[in-house]
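**Student:** Coordinates for the following, if possible.
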Amino acid sequence: MTAIRTHLWFPERGAEAAEFWVSVVPNSRITRVVHAAQGVPDVEPGAPFVVELELDGHAVTVLTAGPSFTLDEAFSFVLAVDTQEEVDRYWDALAAGGGSHGPCGWLKDRFGVSWQVVPRALDDIMGRPDAAGVQRATQAMLQMTKLDVAALEAAYAGE
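**Tutor:** Modelled structure (predicted):
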């Protein structure tokens, strides 16, 4: 049997990122921490080296192994939510403490990891049959930072 998990390389603070994520995303937990052995390049002996976790059932491995690789927006976690209240809560929580907001529902947390906080209503709107309405909703979305379901619905309706 195979298993697929997300693997992220951090130059530093990977364990701190993992702890932050499991505090924000419900049904999440750290499942294993491996501490660095003597001689691991760019890592202090005994420091958290590999952290395995589950984000709402999604398996993630965080490796803290120095500056050889960096994170960028080419990778993001997509957090699909049901309500505008959830959009608002996760948007604020994930960017807290030094994160930054980006366009179209994207943000970076304080560890430099990109997230997309996306209401499930967006998929519904984008799949509707009125092409002009979808185009209006798309144009509205492209002007947003945090996604706003009511504004997307209004744009779709031509209001």
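**Student:** For the protein, which segments count as strands?
**Tutor:** 6-10, 29-35, 48-55, 58-64, 76-81, 100-101, 106-108, 114-119 (DSSP state E).
**Student:** now for the third one, which elements pack on it?
**Tutor:** If contacts are counted by 3 or more CB pairs under 8 Å, 6 or more residues apart in numbering; DSSP states H and E, strand 48-55 sits against helix 14-24, strand 29-35, strand 58-64. C-beta coordinates here come from the backbone N, C-alpha and C atoms, glycine included.
**Student:** want to throw the strands of the chain into JSON lines with distance to P129?
**Tutor:** Output for the strands of the chain, formatted as JSON lines (distance: least, CB to CB, whole Å):
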{"stretch": "strand 6-10", "distance to P129": "35"}
{"stretch": "strand 29-35", "distance to P129": "42"}
{"stretch": "strand 48-55", "distance to P129": "34"}
{"stretch": "strand 58-64", "distance to P129": "32"}
{"stretch": "strand 76-81", "distance to P129": "22"}
{"stretch": "strand 100-101", "distance to P129": "32"}
{"stretch": "strand 106-108", "distance to P129": "28"}
{"stretch": "strand 114-119", "distance to P129": "20"}
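**Student:** Tell me which of those lies nearest to A137.
**Tutor:** strand 114-119 (11.9 Å; CB to CB).
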